[in-house]
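K.L.:
Got a predicted structure here, sequence first:
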Amino acid sequence: MKKLKENIINFLDNHMHIAFPAPAIITLFIIVIFPVVYNIYMSLNKWKIGLGSPKFIGLQNYLDAFSDPRFWNGLKVMFYFSGLSLSIEIILGLLIAVYFNKEFKGSNFVQTIYIFPFAATPVAIALIWRIMLNPQIGVLNYFLSLVGLPGSLWVSDSRTVIISLVLVDVWKWTPMITLIVLAGLKSLPKDPYEAAVIDGANAFHIFSHITVPLIRPVLITALILRSLDNLKEFDIIYTITQGGPGIASETLYLYSYKTAFNFFKAGYGSTLIIIVFLLVLLFNVVMNKIRYRTEVL
């Protein structure tokens, strides 16, 4: 036993550069690399879960996807939902962060209350909003009736379902954007603001010509971080609508889940997941290049 301990100690001393990062590398392989590689392998196969073994078919699943109307619908819904929600969250997050950056009575309490939606579990939030958006018993239609406005079908209508889901997403995730931007605002230099005030600039000009340019790299970082989840949003959409009515709110990510676990087409479902992964990767590569150019300028 003593000899074994000495051998282990000697090995660690001689291979310290391998021993220290080994747990992180193994964890990364198990959690990230292996699932991605396995999904790529499965996307090259045709396999109906429970019926035989995977059958290699090459790129046929990818060709089938590009001729699948439901694939294009999922792609359109994904970009419509993500583009709208991300735009609103970035704008609102910036404006609220600018407000929170000022000292006012009760600011700590207000900020604490404000981040509650961000801290809540997505499924729990979705269940509450599903009741609130109910056309018959939902509180939102009750509020509309108080001001003399007609009620809405919200998520029960294909024309308003995406807007309703964006409302939920914005309510939950805008606090995250606000916290990131607020941290950036706290680190901005004071000299440009003092010079602008001396030159007679008003609040709008200070915001548009000083705050926004200085905070742009932080905004892009917040957009990248949020887009990683937003482009593959699942919890809120599945809990509230499950892609309905019909397929009006069925994103590509949700369609891939249904394909694999409802229709048991594991190969085709893996193909859709890989396409979503590549789209998210491409978006973030582009945004990182924009951020780098912004920081250089």
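P.N.:
Arrived safely, thanks for sending. As the structure is a prediction and not an experimental result, all values here were calculated from the model. Numbers count the residues shown, from 1 in each chain.
K.L.:
Please make it C-alpha for all contacts and neighbour counts, starting now.
P.N.:
Will do.
K.L.:
What is the neighbour count of the spatially closest residue to Thr251 that is not a sequence neighbour?
P.N.:
Nearest-residue entry for Thr251: Gly74, 4.2 Å, with adjacent residues in sequence omitted and distances by CA to CA, 6 or more residues apart in numbering. Neighbour count of Gly74, defined by other CA atoms under 10 Å: 22.
K.L.:
for the one 10 residues further on, same thing?
P.N.:
When neighbours are defined as other CA under 10 Å, Leu84 has 15 of them.
K.L.:
pretty sure it contacts Val166?
P.N.:
Yes. Using CA atoms under 8 Å, Leu84 is in contact with Val166, at 7.1 Å.
K.L.:
Tell me which stretches of the stretch 51-200 of the chain form strands.
P.N.:
Per DSSP state E, counting those that start in this stretch, the stretch 51-200 of the chain carries strands over the ranges 51-56.
K.L.:
just to revisit the earlier point, how close does the residue nearest to Thr251 sit to Gly267?
P.N.:
The gap separating Gly74 from Gly267 is 18 Å, by CA to CA, to the nearest Å.
K.L.:
swap in Met78?
P.N.:
Applying CA to CA to Met78 and Gly267 gives a distance of 21 Å.
K.L.:
try Ser67
P.N.:
For Ser67, the distance to Gly267 - CA to CA - is 16 Å.
K.L.:
These two - which one has more neighbours?
P.N.:
Using other CA under 10 Å as the criterion, Ser67 and Gly267 rank with Gly267 on top: 26 against 11.
K.L.:
Contact partners for that one?
P.N.:
42-48, 54, 61, 260 (CA atoms under 8 Å, 6 or more residues apart in numbering).
K.L.:
What are the buried residues along stretch 162-180?
P.N.:
162-166, 168-180 (16 or more other CA atoms under 10 Å).
K.L.:
Check stretch 271-291 too.
P.N.:
Taking 16+ other CA under 10 Å as the criterion, stretch 271-291 shows 271-277, 280, 284, 287-288, 291 as buried.
K.L.:
likewise stretch 43-51?
P.N.:
Residues of stretch 43-51 classed as buried by neighbour count (16+ other CA under 10 Å): 43-48.
K.L.:
pLDDT of that stretch, averaged?
P.N.:
For stretch 43-51, mean pLDDT is 85.
K.L.:
One more: stretch 25-36?
P.N.:
85.
K.L.:
end-to-end on that stretch?
P.N.:
Its first and final residues considered, stretch 25-36 spans 15 Å by CA to CA.
K.L.:
pLDDT below threshold where in the protein?
P.N.:
By pLDDT under 70, the low-scoring segments of the chain are 1-9, 11-19, 295-297.
K.L.:
how is it carved up into domains?
P.N.:
If you go by automatic domain parsing, the domain ranges for the chain are 2-39, 60-296.
K.L.:
Pick the most deeply packed of those domains.
P.N.:
domain 60-296 (a mean of 17; mean count of other CA atoms under 10 Å).
K.L.:
my read: Pro245 touches Asp157, true?
P.N.:
Yes. With contact defined as CA under 8 Å, Pro245 counts as touching Asp157 (6.7 Å).
K.L.:
show me where the stretch 151-297 of the chain has helices.
P.N.:
161-186, 191-198, 203-206, 212-230, 235-240, 252-261, 266-296 (DSSP state H, counting those that start in this stretch).
K.L.:
Take the ones you listed and write them to CSV, including distance to Gly148.
P.N.:
CSV is the format used below for the helices of the stretch 151-297 of the chain (distance: least, CA to CA, whole Å):
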stretch, distance to Gly148
helix 161-186, 20
helix 191-198, 45
helix 203-206, 35
helix 212-230, 35
helix 235-240, 27
helix 252-261, 37
helix 266-296, 43
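K.L.:
So Val139 is in contact with Leu133, correct?
P.N.:
Yes. Val139 is within contact range of Leu133, at 7.2 Å (criterion: CA under 8 Å).
K.L.:
how about the helices of the stretch 151-297 of the chain, which one is nearest Ile88?
P.N.:
Closest approach to Ile88 among the helices of the stretch 151-297 of the chain (CA to CA): helix 161-186, 7.0 Å.
K.L.:
The closest one - contacts with which helices or strands?
P.N.:
For helix 161-186, the elements it packs on are helix 69-100, helix 116-119, helix 122-132, helix 212-230, helix 235-240, judged by 3 or more CA pairs under 8 Å, 6 or more residues apart in numbering; DSSP states H and E.
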